[in-house]
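[1] Need coordinates for the below:
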Amino acid sequence: MKKKIRGGLVISGLLICLVAVVSQQYGVSENPTGLVSASTLTSADPARSVAVVYPWHLKNGQGITLPGRARASKYATLFFRDSGPLYQVHASPGDQVTKGQLLLQLDDRDYQRQVDVMESKLKSAQANLQKMQTGARKEDVLIIEQSIQASRSDLDLAQKELKRHEFLLKNNAVSEQAYDRSRNAVQILRTKTISLEQQLAREKSGSRKEDITAARAGIEELRVQLEIARDRLGDTCLKAPFDGVVTSRLPQAFEMVGQGEPVMSLHNISTIEIPVDVPENKVNFFLDREGQNICEARFLTKGNQRFQARLVQYSTRADRTTGTYEFVFAVTPKGSDLIFPGMTAEVSIHTPPLDKNLSKLVIPLESLMGVSKNSAQVFLVDPQTKKARKQIITFETLVGEENVVVTAGLSTKDLVVSKGSGFIRQGQPLNFELPQGKL
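    Here you go, the predicted structure:
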């Protein structure tokens, strides 16, 4: 399930690890209080040289860059629903095609004949239903009546012949075989006459409702079969499901194509998608509810050229292996940009510049000591006494790889030790040069 979420800013475990490494590198103990008694200093402690900076405002906003690989916004492997010999080829790899354009065509001879057969059956069934509903014509009734009259005459003659044979059989003047033939002829003519009389009555009264209902159901069945035959005929033509570029074609003309076998691949590269894996602590950074964050994409083949990117979908389920969430960004290149699926890409996102009056400041990551959750300590330098003094601060997140955002504990007038803080103590005299532009 894809949906947007918003949560508070998550402090990166990676940030804490980086700070801890920096602290250990410079020999700083993670003392929760960080206080060193001034009595431990001696007058013999020499002044140590350090680098200092003034905290600066987060003018350019925060940013993050993640790698990805381009893919088509739409892609499909096409196939035929029925089998048959490939009759015509209308598109080849590299061709630009539009939705509905004919790409490949099978030999439709057998499918066309099936349509013709079903159309003929349907017409016959419709004519029969019409006859059942309207009844027989006068000409048909007259023919049946004449047939009945002739059959009755033949029956009367056969009955007289049977009586003569009965008389002759009693006098042994005729064989039993001749008598049986005469009797069978009477039965056949009697049955024929009765059948013609019933047919005449049926033609005059019309068909039963049950017969008409059954005939209508048969017509509907034939219509469905005709639609199926027409669909199969239409399926001999493979058409483009969307605008795109043909990337591959497997069969050649006049080769046999099987049902469901891949025959062609199609990509839509008018819009390129870039899926990236977003760490847990950066999810809120990418879900910009107010639409102020600036999102850009860059491709290896295009150098420093950047493209505007937009978030089109994201997953709310973390990858079991990496613990990251997949976010998909879309880029719409111009026709001359030549960006293809599979190219190496990266997505960068930046927050808009912040107001200088905001309380968030930035200092070097190396300045932090005694990190505990989102709290840490830094050494400040008194410009008058030129001695070190510890200050507790609250930090928020990384800016790039070398700086950190401070939300409380510092001002732009504080002079912060940026390098060498791991080798000094509380109250120790320091040698330093003021940053350029500061008095």
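
[2] How about the contacts made by residue 317?
    Contact analysis of residue 317 by Cβ atoms under 8 Å, 6 or more residues apart in numbering lists residue 325. Every residue, glycine included, has its C-beta placed from N, CA and C.

[3] Look at it and report its pLDDT.
    Here the pLDDT value assigned to residue 317 is 93.

[4] same thing with residue 339?
    89.

[5] How is this protein divided into domains?
    Here the chain is described, according to automatic domain parsing, as comprising the domains 13-61+355-431, 64-73+266-350, 78-104+239-264, 113-231.

[6] Residue 64: how many residues sit nearby?
    19 (other Cβ atoms under 10 Å).

[7] quick one, phi psi at it?
    Dihedral angles of residue 64 (phi, psi; degrees, to the nearest 10) stand at phi -150, psi 140.

[8] re earlier: which of the domains of the chain has the lowest mean pLDDT?
    domain 13-61+355-431 (a mean of 74).

[9] Okay, helices next: where are they in the stretch 101-250 of the chain?
    Taking DSSP state H, counting those that start in this stretch, the helices of the stretch 101-250 of the chain run over residues 109-134, 138-170, 176-205, 209-234.

[10] nearest spatial neighbour of residue 161, skipping sequence neighbours?
    Computed as Cβ to Cβ, 6 or more residues apart in numbering, the closest residue to residue 161 that is not its neighbour in sequence is residue 182, at 5.3 Å.

[11] Any chance of the helices of the stretch 101-250 of the chain in JSON lines with mean neighbour count and distance to residue 49 as columns?
    Below are these laid out as JSON lines (neighbours: other Cβ atoms under 10 Å; distance: least, Cβ to Cβ, whole Å):
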{"stretch": "helix 109-134", "mean neighbour count": "14", "distance to residue 49": "90"}
{"stretch": "helix 138-170", "mean neighbour count": "14", "distance to residue 49": "124"}
{"stretch": "helix 176-205", "mean neighbour count": "14", "distance to residue 49": "122"}
{"stretch": "helix 209-234", "mean neighbour count": "14", "distance to residue 49": "85"}
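
[12] can you redo those as CSV with distance to residue 379?
    Formatted as CSV, the helices of the stretch 101-250 of the chain follow (distance: least, Cβ to Cβ, whole Å):
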stretch, distance to residue 379
helix 109-134, 86
helix 138-170, 117
helix 176-205, 115
helix 209-234, 80
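
[13] mind listing what the spatially closest residue to residue 169 that is not a sequence neighbour touches?
    Spatial nearest neighbour of residue 169, excluding adjacent residues (Cβ to Cβ, 6+ apart): residue 179 at 5.0 Å. By Cβ under 8 Å, 6+ apart, the contact set of residue 179 is 162, 165-166, 169.

[14] Please apply the same query to residue 257.
    80, 83-86, 106, 251, 263.

[15] where's the residue lying closest to residue 76 once chain neighbours are set aside, which helix or strand?
    Leaving aside its sequence neighbours, residue 76 sits nearest to residue 266 (Cβ to Cβ, 6+ apart; 5.2 Å). According to DSSP states H and E, residue 266 maps onto strand 262-278.

[16] Quick one: list the elements packing against that strand.
    Under the contact definition 3 or more Cβ pairs under 8 Å, 6 or more residues apart in numbering; DSSP states H and E, strand 262-278 sits against strand 63-69, strand 71-79, strand 102-106, strand 244-249, strand 306-314, strand 325-331, strand 344-350.

[17] Out of those strands, flag the one nearest residue 384.
    strand 63-69 (37.6 Å; Cβ to Cβ).

[18] Name every strand pairing with the closest one and say which way it goes.
    strand 344-350 (antiparallel) (DSSP bridges).

[19] Outside of the strand it pairs with itself, which residues are in contact with it?
    Here strand 344-350 has contacts from 60-70, 274, 276, 285-286, 288, 293-301, 306, 309, 329, using Cβ under 8 Å, 6+ apart.

[20] thought the residue nearest to residue 76 was touching residue 241?
    Yes - Residue 266 lies in contact with residue 241 (Cβ atoms under 8 Å); the separation is 7.3 Å.

[21] more neighbours, those two?
    The neighbour comparison of residue 266 against residue 241 (other Cβ under 10 Å) goes to residue 266, with 23 against 14.

[22] hey, what's in contact with both of residue 266 and residue 241?
    Common neighbours of residue 266 and residue 241, counting by Cβ under 8 Å, 6+ apart, are 76, 78.

[23] Residue 165 versus the residue of the chain most remote from its centre, what's the distance?
    Seen from the C-alpha centroid of the chain, the residue lying at the greatest distance (Cα atoms, centre = their mean) is residue 171, 99.6 Å away. Going from residue 171 to residue 165 by Cβ to Cβ, to the nearest Å gives 11 Å.
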